[in-house]
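>>> just a sequence and a predicted model for now, questions to come.
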Amino acid sequence: MSVNNQAEPIAWACGSTFEEYVAASSGRLFTLALLLTGHRRAEAEDLLQDSLERAYRRWDLIIRKGSPDAYVRQVMLNAAVDRWRRERRRREEPLVDAADWAAADQVGDVADRDLLLRALAGLPPRQRAVLVLRYFEDLTEIQTAAVLGCSIGAVKSQASRALSRLREITPSLSTGGEPRLGPDQGGARPGSSRNG
């Protein structure tokens, strides 16, 4: 098991069917899609469906290479980046004051997680992608740089800027408990050090 209680990728045999892969991986992939889309469920469903459709068309090649998780993750990230580029042309929506979120819900852990997810959704797409890959997908800096097609230094600087911004948006979380990104609150804490 990885640090964030996510299931380790399964080693897929050449005879594995696409249906078996989807049945075993769809929950984890949907959570990744939710995080990449800023927790917008409809967009996450579309992103996951489009990514799985692309994988289905190339399944024989993907399974021979033995890495469907990496392929689907890359397809999903590329599709998310394409969506972000299209959205950049749209008008921005103002971010609601973070203090209103914390006061609205009295259930501490749920409110903290909700605040963190909203703040994560408010980050620029590249910074959000770095945090999702580093702290939810539990990739090293080197792996994150490879997935994003950038340098390790760019991953470090984007992560640093994103974490600083999250601390600005969510000051109550910086001094309080240990909010986590994982679906069971078991993900690595943003800001924790994991050198790649």
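On my side now, so go ahead.

>>> CA only for contacts and neighbour counts going forward, please
Fine.

>>> and the nearest residue to residue 158 once chain neighbours are set aside, how many neighbours?
Of all residues not flanking residue 158 in the chain, residue 127 sits nearest, at 5.3 Å (Cα to Cα, 6 or more residues apart in numbering). Residues lying near residue 127 (other Cα atoms under 10 Å) number 21.

>>> residue contacts, residue 127?
Listed by Cα atoms under 8 Å, 6 or more residues apart in numbering, the contact partners of residue 127 are 158, 159, 161, 162.

>>> quick check: the last one touching residue 128?
Yes. Taking contact to mean Cα atoms under 8 Å, the distance of 7.2 Å between residue 162 and residue 128 places them in contact.

>>> and the top helix by length along the chain, what does it pack against?
In terms of residue count, the longest helix belonging to the chain (DSSP state H) is helix 68-88. Under the contact criterion of 3 or more Cα pairs under 8 Å, 6 or more residues apart in numbering; DSSP states H and E, helix 68-88 touches helix 18-36, helix 41-57, helix 125-131.

>>> C-terminal to the last one, what's the next element?
Elements were assigned by DSSP states H and E; along the chain past helix 125-131, the next helix or strand is helix 141-148.

>>> other SSEs contacting the helix or strand following that following helix?
Under the assignment DSSP H and E, the closest C-terminal helix or strand after helix 141-148 is helix 152-169. Counting contacts by 3+ Cα pairs under 8 Å, 6+ apart, helix 152-169 packs against helix 108-121, helix 125-131, helix 141-148.
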